[in-house]
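Student: fold the following for me, if possible:
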Amino acid sequence: MKKGVHPEYFEIDVACTNGKTIKMFSSANKNLTLSTDCYNHPAWTGQRSNAAEKGQRTDSFKKKFAGFDF
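Tutor: As a prediction, the model looks like this:
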């Protein structure tokens, strides 16, 4: 690698939502706290049910914009 071109990397701590801390490397020299990760995101937990929510979303949209003529 060329010298002086790449940023300096620091070892940081990343805190997950379940309390687990992971060591990573980053060019930002500060620790991170995640609000969404694989422990609570529906894409990984399997709690996602888009088919059941579609009707609810449509009803709430119609209520919200009932005065408009689409």
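Student: going forward, measure contacts between C-alpha atoms and count neighbours the same way
Tutor: Will do.
Student: any idea how far the residue most central in space within the chain is from residue 58?
Tutor: In the chain, the residue lying closest to the centroid (Cα atoms, centre = their mean) is residue 36, at 4.3 Å. Separation of residue 36 from residue 58 (Cα to Cα, to the nearest Å) stands at 26 Å.
Student: now residue 10
Tutor: Going from residue 10 to residue 58 by Cα to Cα gives 47 Å.
Student: neighbour-wise, which of the two wins?
Tutor: Higher neighbour count among residue 10 and residue 58: residue 10, with 14 against 11, using other Cα atoms under 10 Å.
Student: pLDDT at that one, what is it?
Tutor: Looking at residue 10, its pLDDT stands at 95.
Student: quick check, it in contact with residue 29.
Tutor: Yes. At 5.8 Å, residue 10 and residue 29 qualify as touching, with contact defined as Cα atoms under 8 Å.
Student: dihedrals phi and psi, residue 22?
Tutor: Residue 22 adopts backbone torsions of phi -120, psi 140, taken as degrees, to the nearest 10.
Student: what about the strands in the protein?
Tutor: 10-15, 21-26, 32-33 (DSSP state E).
Student: residues in contact with the first one: which ones?
Tutor: With contact meaning Cα atoms under 8 Å, 6 or more residues apart in numbering, strand 10-15 is reached by 21-34.
Student: low-confidence ranges in the protein?
Tutor: Within the chain, the segments meeting pLDDT under 70 span 1, 47-55, 70.
Student: now with 80?
Tutor: Under the criterion pLDDT under 80, the flagged ranges of the chain are 1-2, 38-58, 69-70.
Student: what is the nearest of the contacts of strand 10-15 to residue 69?
Tutor: Distances from residue 69 to the contacts of strand 10-15, taken as Cα to Cα, are shortest for residue 34 (41.9 Å).
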